[in-house]
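Asker: Sequence unavailable; structure follows:
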């Protein structure tokens, strides 16, 4: 029996990255951010979205890479313990991937594996690993609550 799951595919500096659809609360157009008086790696700033203050992250910077040059959208990621915004270049839409086709040879960090479709390599995000990586660099909840 195959396990097909729904994923939201975005681009980070042109590379496709797929998030479990259950992790995405919403996708919003990029908006100006309020600066954060913090040296937290990968935290771009804060945003107030419908009365909720969210820290906005650049996951590429958290990994020590060059950050996103010009984000167009923000994913609102709904983790069990926190909610955070994440800068992305582009939102491609919803794709369905068969988990049994996932190659785990390139897994690492927050990527649980890859799926190749039509000569394109999609990196599938492990939401637990992503949340743990963010926690290593900053307490997102503390930033969002204003107690830095």
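Answerer: That came through, no problem. Since we're looking at a predicted model, the values are computed, not measured.
Asker: now the strands for this protein?
Answerer: Taking DSSP state E, the strands of the chain run over residues 4-12, 15-20, 24-29, 43-49, 52-57, 73-78, 83-88, 90-98, 111-117, 120-125.
Asker: The fourth one vs strand 52-57, what angle?
Answerer: Right, the one you point to is strand 43-49. Calculated by axes from the mean of the first three to the mean of the last three C-alpha atoms, to 10 degrees, strand 43-49 forms an angle of 160 degrees with strand 52-57.
Asker: again, but for the first one
Answerer: Taking the same axes, to 10 degrees, one finds strand 4-12 and strand 52-57 inclined to each other by 70 degrees.
Asker: mind listing what strand 4-12 pairs with, with the direction of each?
Answerer: strand 15-20 (antiparallel), strand 90-98 (antiparallel) (DSSP bridges).
Asker: Quick test: name the residue nearest the centre of the protein.
Answerer: residue 86 (5.1 Å; C-alpha atoms, centre = their mean).
Asker: So for residue 72, what's the nearest residue that isn't a sequence neighbour?
Answerer: Once flanking residues are discounted, residue 72 sits nearest to residue 30: 5.4 Å by C-beta to C-beta, 6 or more residues apart in numbering. C-beta: built from backbone N, CA, C; applies to glycine.
Asker: Distance check, that neighbour against residue 105.
Answerer: 34 Å (C-beta to C-beta, to the nearest Å).
Asker: do residue 88 as well
Answerer: 25 Å.
Asker: got it, and residue 66?
Answerer: 25 Å.
Asker: cool, residue 80 as well?
Answerer: With distances taken as C-beta to C-beta, residue 80 is found 29 Å from residue 105.
Asker: Please verify my assumption that residue 20 contacts residue 5.
Answerer: Yes. Residue 20 lies in contact with residue 5 (C-beta atoms under 8 Å); the separation is 6.8 Å.
Asker: and residue 69, what pLDDT?
Answerer: Per-residue pLDDT puts residue 69 at 83.
Asker: Identify the bridge partners of residue 5.
Answerer: Assigned bridge partners for residue 5, using DSSP bridges, are residue 97.
Asker: how deep is it tucked in, by neighbour count?
Answerer: Residues near residue 5, counting by other C-beta atoms under 10 Å, number 15.
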